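1. model the structure of this input:
(one chain, ligands or ions: 1)
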Amino acid sequence: MSRYPRTVLGTVCLPWRDDGALDEPLFRRSIQTLVSAGLPDLYIFGTAGEGYAVTDGMFRRVAAIFAETMREAGGAAPMVGIVSQSLATMLERIDYCRTLGIDTFQISLPNWSVVTDSELRRVIAELCGGFPEAQFLHYNLMRSGRLVSPRLYGELAEAHPNLVATKYGGGDPFLISGLMRHAPQLRHFLTEQGYYIGAPLGECGLLTSISSSNPARAFEYLHAGANGDWPRFAALYRELCGVLHALLDSAGGSFVDGAYDKTILKLSEPDFPLKLLAPYETVGDAVFEAYRARLAAEFPGWLPAGAPHR
Ligand SMILES: N[C@@H](CC=O)C(=O)O
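-> Numbers count the residues shown, from 1 in each chain. The predicted structure follows:
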């Protein structure tokens, strides 16, 4: 029995105005739009949410607005990403969020020097042990300099009942099957490609990226995999591979996640700026227009519900 609901987990992006300030009304509106479109399980400060780039002041302001708006919108428990080179800063940020009533955190490992297994055990012990009333999802990504192995997750899950989930954006079949085998008590959230490998093996969740443009269809993909409806699952997977290539072809280069996630979000929030916090470069409006045109022509079912298919 897994410790966290099986659902579609989605990112929230941060809209920056030309003067560099947060566009608060648009930030609130984009959260409301996602929840009312059927995506209530949301987090801030993943890679797309620029958790690596915000100051402490911005972290506090965004976290407070996010928690308040999620409550108003009727979203699930708001999940806040904690990204820092400093374990002490991570603890401070969690402490602050606890004062806002936030109890669900997405943690990644400090990476100035890649942590060893025993250092990793220490990080998880400080975070999970320091806040036993909170719950933690670990973001397993190579930007930390290493991945956590399925067996190590099994060990950590036994030691920390409030380690409840993991998130992995890659597609390594060996790692994915290992997660299901060695740490089934954790909910493993996999992106569209990884979910296709994981769903036949165990009760993983869907970490939505390209599929977030149409939450109802993203849930259809989750359920097709969960219920063993393999023809539908394969058909949606084929579409999603096409959608991914449409996005990458339109972008024509390599960008940090936020550039892609903001392009996807702009489908439902046309005035959402694509700008990223410095020094990272983003895609231009022409990329967004090319992507929207490709979706309309080839995969209209992945446009937001009610969007014109032009
Ligand atoms: N871009 C996502 C990860 C998965 O797709 C994020 O920022 O968390």
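2. low pLDDT regions in the stretch 201-310 of the chain?
-> 307-310 (pLDDT under 70).
3. residues from it in reach of the ligand?
-> When proximity is defined as CB under 6 Å from any ligand atom, the stretch 201-310 of the chain approaches the ligand at Leu207, Ser209, Asp257, Asp261. Where you see a C-beta, it was placed from the backbone N, CA and C, and this is true even at glycine.
4. which of the residues you listed are buried? Put it as a ChimeraX command.
-> Here the buried members of those are turned into a ChimeraX selection, burial being counted by 16 or more other CB atoms under 10 Å:
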select :207,209,257,261
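5. name the nearest of the residues of the stretch 201-310 of the chain next to the ligand relative to Gly242.
-> Ser209 (14.5 Å; CB to CB).
6. the closest residue to that closest one other than its chain neighbours and the ligand: what is the separation?
-> Once flanking residues are discounted, Ser209 sits nearest to Thr191: 5.4 Å by CB to CB, 6 or more residues apart in numbering. Noted for Thr191: a distance of 5 Å to the ligand, by CB to the nearest ligand atom, to the nearest Å.
7. so who does Thr191 touch?
-> Tyr168, Gly169, Gly171, Leu206, Leu207, Thr208, Ser209 (CB atoms under 8 Å, 6 or more residues apart in numbering).
8. closest residue of the chain to the ligand?
-> Of all residues in the chain, Gly46 sits closest to the ligand, at 2.5 Å by CB to the nearest ligand atom.
9. quick one: that residue and Leu141 touch, right?
-> No: using CB atoms under 8 Å, Gly46 is not in contact with Leu141, being 9.4 Å away.
10. so between these two, which is more surrounded?
-> Gly46 (28 against 20; other CB atoms under 10 Å).
11. what strand or helix carries that one?
-> Using DSSP states H and E, Gly46 sits within no helix or strand.
12. how many neighbours does Gly38 have?
-> Counted by other CB under 10 Å, the residues lying close to Gly38 total 14.
13. ok so, going back, among the residues of the stretch 201-310 of the chain next to the ligand, which are in helices?
-> Asp257, Asp261 (DSSP state H).
14. so which of the residues of the stretch 201-310 of the chain next to the ligand comes closest to Leu87?
-> Of those, the one sitting nearest to Leu87 (CB to CB) turns out to be Asp257, at 23.6 Å.
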